[in-house]
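Enquirer: The sequence and its predicted three-dimensional model are supplied below.
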Amino acid sequence: MARAIAVAMVMLSVAAGALEAQEGPTGAVFRIGVGPSVAANGPQIKKNSVMAVRTEGCADAGAASITGTAEGLVGHERQSFPLTLRAAGSPGVYGVEGRWPTQGVWVLSFSGSCGRSQAGTVVPLRAGEFIREGIVFLTHPPAPGDVDASLKTLAAAGTAR
């Protein structure tokens, strides 16, 4: 089952569409993949996580870093909350924990680095669950415009947590 989840995370990254390649030292494109919380091994991580993130295309996954924030639009006010990433059973895999208000529309914004390569992922949420078809994979840390575009799309769709 863990292998199927790992394959699903890789497929999700590939299915996101063509990216301008930012190749790392191995020639692979560095990305931040996402998946369900069960992809982060460990019962405590699964219990407290809303999802899992992992480094992809990094020769030394243990040396890569990922940070994240919950970015929201409540009414017309922008809000931001830090996310906690707990290391899981495999290098470069993390359970994502965090709290944010139940009102408004929310996305999770992740930035990562592997050596000189950088990547970002913006993950829209609906009712506290990530929306696969709305995930945006970037070859750079998410800029405010990347996050704003996802929030505006969610607000226009009337999608609230």
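Expert: It's in.
Enquirer: contacting residues for G120?
Expert: For G120, the contact set (CB atoms under 8 Å, 6 or more residues apart in numbering) comprises I32, S109, F110, S111, G112, F137, L138, T139, H140, P141, P142, D146. C-beta: built from backbone N, CA, C; applies to glycine.
Enquirer: Torsion angles phi and psi at it?
Expert: Dihedral pair for G120: phi -150, psi 160, per degrees, to the nearest 10.
Enquirer: and the gap between it and G98?
Expert: Distance, G120 to G98, by CB to CB, to the nearest Å: 17 Å.
Enquirer: if we can go back for a sec, out of the contacts of G120, who has the most neighbours?
Expert: Ranked by neighbour count (other CB atoms under 10 Å), the contacts of G120 have I32 at the top, with 30 neighbours.
Enquirer: Report the beta-bridge partner residues of that residue.
Expert: On DSSP bridges, the residues paired with I32 through beta bridges are T55.
Enquirer: Repeat that for Q79.
Expert: G72.
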